[in-house]
Each structure stands twice: as structure tokens, then as C-alpha cells.
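Asks: Need a 3D model of the sequence below.
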Amino acid sequence: MAGLERRLGHAWSDRGLLLQALTHRSHSVRNNERLEFLGDGVLNCVVGLMLFQRFPELPEGRLSRLRANLVNQDSLHGVALELELGRYLRLGEGEMRSGGAQRPSILADALESLLGAALLDAGFDAARAMVERLFGPMVAGIDPAAQGKDAKTRLQEWLQPRRHGLPSYSLLDTTGQAHAQTFHVECRIDALDVVTHGQGGSRKAAEQQAAAAALAILEGYGARGVEQEQA
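Replies: Coordinates of the predicted model:
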């Protein structure tokens, strides 16, 4: 648990709250469903505040759409995967056998539950700090001009003017039972020697996650370094 707490940036005083946040309803009657409700409210509030402060010129409708793009199952699932949250979940035997530790909905719900548990453990400031730690880089990377465009479209639009060729997407693996599969996809940009991976409850969602990861590399220091080497 200490490793997870370090990644989250919060050490629980009440360890029972931490365990409850990681407990799925298939494991115990005392589970994380109520904490998930609380964490969902915290997440929407803090992300909304971050967007409000970062984009003072945007009207309410555009802020709402930006928040919806950040606070959804796919983005929560991506954050949970980075945290390796599946390693810490407490699941019933049936969920464990069916790959529940990697199921997007279960991981997303557990992440929200952790936010709710942090709120009860140490107050709003602690929960807010956790949200900012986990979602701050995504908020900082938002380009309002690209609003409404998915990651694959934005990646293509980044590459085409620079004549680097289009990315290729390959399905690497499919895990879990037929009713709850997780797709593992690779995004490869050979001209820039960039390879990223994504996971999701559908191949489309996995490709979007892999494209978002590639875009983050290209728009940051990695892209400048690659282009300097090729110059």
C-alpha cells in the first residue's frame, strides 16, 4: 500500500478507508460504492475549478465539454493503469477469474473511491491535491483549439504537416472473458521511432489511449529532441 500512497501523494491516517476504497462489491458488503459517489463529486469539482482557472476566457458550455473529456471512464482507466491500481484491488473470486483487476469500469470506480476516501481521511485540500497531481498534466496539455477532436485525429494532424507519415495501430493482445475483454494496442510512428501502448474495453478505446500517449511525447520534449536529431 505504501507504493500506491506515494504515487497518489497521500498517506492515509485511517487505513480502513484506504482498504474500503480498494474493495469491490464482489468481495465484501463493506465496499467502495459509497466512496465512489463521493469521489465522483470531488473529481468533477476540482477538475472544473482547474479548467475555470486555466481558461478564464472560455464560456460555460466549452468548459463543460472539456471537463467531460477529462472526467470519463477512459481517462480514469488510463490514470488507474499508470498507478498499477489493479494490483491493489480486493475482488471476489469470480471477478478475479474474469480479469476484473484490469476491467476499465472497476478501475475507474476504484480511482474515484480513493478520492472520496482521501476527502474523508484528511479533508478537501488533501483530495484536491490528489486530483491536481493525477489530472494536472492533462489539464495543462489541453489545447482549446483542438476541442472535440479525438486523440487519433489530433495525432494525424500533428504528423501530416511535418511529413512524418501516418501512425500504424496493431492489436497486441486481448485479455479477459468475452463479456469483459481488455484490448492491448500498439501505436507506432516509424519515422520518429516512437512506440506507445494503450489499453481499453474496446479496440477503439485502446487505440485512442495509445494515440494520446504518442501525442504527449511528440508535443513535449521528446518530439523536439527527435526533430533536432533528424535536422
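Asks: shouldn't W12 be in contact with Q20?
Replies: No. Using Cβ atoms under 8 Å, W12 makes no contact with Q20, being 10.4 Å away. (C-beta placed from N, C-alpha, C; glycine too.)
Asks: between those two, what contacts are shared?
Replies: The overlap between the contact sets of W12 and Q20 (Cβ atoms under 8 Å, 6 or more residues apart in numbering) consists of A117.
Asks: helices and strands of the chain: which one bottoms out on pLDDT?
Replies: Counting by mean pLDDT, DSSP states H and E, the chain has its least confident helix or strand at helix 221-230, which shows a mean of 45.
Asks: what sits opposite R188 in the beta ladder?
Replies: S168, V195 (DSSP bridges).
Asks: can you pull the contacts of it?
Replies: P167, S168, Y169, S170, V194, V195.
Asks: how about the strands in this protein?
Replies: Using DSSP state E, the strands found in the chain span residues 168-175, 182-189, 194-200.
Asks: Might you quantify the distance of the first one from its chain's geometric centre?
Replies: Which is strand 168-175. Its chain's C-alpha centre and that of strand 168-175 lie 19 Å apart, by Cα atoms, centre = their mean, to the nearest Å.
Asks: Please apply the same query to the second one.
Replies: Relative to its chain's centre, strand 182-189 lies at 16 Å (Cα atoms, centre = their mean).
Asks: what's the answer for stretch 23-42, then?
Replies: That offset, for stretch 23-42, works out to 19 Å (Cα atoms, centre = their mean).
Asks: How about stretch 32-50?
Replies: 14 Å.
Asks: Give me the contacts around that stretch.
Replies: Contacts for stretch 32-50 (Cβ under 8 Å, 6+ apart): 17, 20-25, 63, 67, 70-71, 109-117, 119-120, 124, 127-128, 131-132, 135-136, 139.
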